[in-house]
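Asks: Next one to model:
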Amino acid sequence: MRDKLEKLIAAYEELERKLVDPEVVSDPKEYARLAKEHASQSELIEKAREYVGALDDIEAAKEMLHETSDAEEKEMLQDDIAANEAKLPELEDDIKVMLIPGDPNDEKDTIVEIRAGVGGDEAAIFAGDLYNMYERFARSRGWKVEVLSSSPSEAGGFKTIEFKVSGDKVYSVMKFESGVHRVQRVPKTESQGRIQTSTATVAVLPEADEIDIQIAQEDLRIDTYCASGPGGQGVNTTYSAVRITHLPTNTVVQSQDQRSQIQNREVCMQMLRARLYEQELERRQAEEGAERLSQIGHGNRSEKIRTYNQPQDRVTDHRIGFNGTYNGVLLGDTLPSVIEALAASERAEKLAKAV
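Replies: Coordinates of the predicted model:
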């Protein structure tokens, strides 16, 4: 462990030297890349230095213990050794977790798509409830939420809604929400008080930029049409809505919620890059033929991940058996507890396979 940590510390110090090198400073892209790498390793290096420092202190104290005959000094040195040895197991556990390779997309912003599933109007209302839950949750963390495209339901909620969440390490948190969400409750329109089961599908995509995904203009078919719903001053009067088809993959995205055709086109390109990036990640995984370290956090869109049961005031995450209260989770108050439990489970699985 010590040899590995000393090599990491040496590499980090070399990185620090590069960040003050005039040649690197004059190259904004290279400087930004190295600065990001430096920031991502700072917590690990802090723990590594603390671990190596504790080993050094133990070694020095043992040497002094052999050289002294003073009873009081011996007792003090033995206390120092015991205190440093007591720190080592927890530090080692922390370092092992930090050494697990992270998801390279964890730092990215996300594009989230919620789509009403089985259940008609109630499914659309539930999709709206999920959107409100994520919006409250995101804002509580200081993240920015921007609706990219939506198809409201006449009964309330959304048939589909796509929105972007921007902030610090958004994907590392939101990725746990991908999959099928199921609600069991009495719809407001149900006069007999019968419980209905409805579903909505959540897809969480890491946002891709032009560096991640390059799209040739000749591969696109771009159609414009009059917006048919909420979307600003140009609704039904100008061709502000945009639909883009990526011909090689037949991937279709559309947006009508922005005020201008230019803005809708930019939103479409954001969504298209995210979807093509997701397809590329899936292709690479299929080629590698290896199972992911953990399925948690990368839920298949067809996998039922969570049930919201209103009559029993319970929300169950089926991946880890976590239970919370219906209103607590849907209002976003206790959603962090569910996600923290999922993250802890993912770390434990990765650690078990790494050691």
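Asks: contacting residues around the residue found closest to Ile125 once you drop the neighbours it is linked to in the chain?
Replies: Once flanking residues are discounted, Ile125 sits nearest to Gly157: 4.0 Å by Cβ to Cβ, 6 or more residues apart in numbering. C-beta coordinates here come from the backbone N, C-alpha and C atoms, glycine included. The neighbours of Gly157, taking Cβ atoms under 8 Å, 6 or more residues apart in numbering as the test, are Ala116, Ala124, Ile125, Phe126, Ala127, Gly128, Asp129, Tyr131.
Asks: now do Ile95
Replies: Ile95 neighbours (Cβ under 8 Å, 6+ apart): Met1, Leu5, Leu44, Lys47, Ala48, Tyr51.
Asks: now Gly142
Replies: By Cβ under 8 Å, 6+ apart, the neighbours of Gly142 are Gly167, Asp168.
Asks: cutoff 7 Å now
Replies: Residues near Gly142 by Cβ atoms under 7 Å, 6 or more residues apart in numbering: Gly167.
Asks: biggest helix in this structure by residues?
Replies: Looking across the chain with DSSP state H, the single longest helix is helix 28-67.
Asks: quick one: average pLDDT of that helix?
Replies: What helix 28-67 shows for mean pLDDT is 90.
Asks: Show me what counts as buried in that helix.
Replies: 31, 34, 41, 44-45, 47-48, 51-52, 54-55, 57-58, 61 (16 or more other Cβ atoms under 10 Å).
Asks: And the helices in this structure?
Replies: Counting by DSSP H, the helices of the chain are 2-18, 22-25, 28-67, 71-99, 120-140, 170-174, 261-288, 326-330, 335-354.
Asks: Next, format those as CSV and append distance to Ser151.
Replies: Listed next are those as CSV, based on distance: least, Cβ to Cβ, whole Å:
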stretch, distance to Ser151
helix 2-18, 47
helix 22-25, 48
helix 28-67, 37
helix 71-99, 42
helix 120-140, 9
helix 170-174, 21
helix 261-288, 14
helix 326-330, 22
helix 335-354, 25
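Asks: tell me the most buried of those?
Replies: The highest mean neighbour count among the helices of the chain, using mean count of other Cβ atoms under 10 Å, belongs to helix 170-174: a mean of 23.
Asks: For that helix, which outside residues touch it?
Replies: Residues outside helix 170-174 that contact it (Cβ under 7 Å, 6+ apart): Asn105, Asp106, Lys108, Asp109, Thr110, Val112, Trp143, Val165, Val204, Pro206, Ile339.
Asks: right, and the first one touches Ala208 too?
Replies: No. Counting by Cβ atoms under 7 Å, no contact exists between Asn105 and Ala208, whose distance comes to 9.1 Å.
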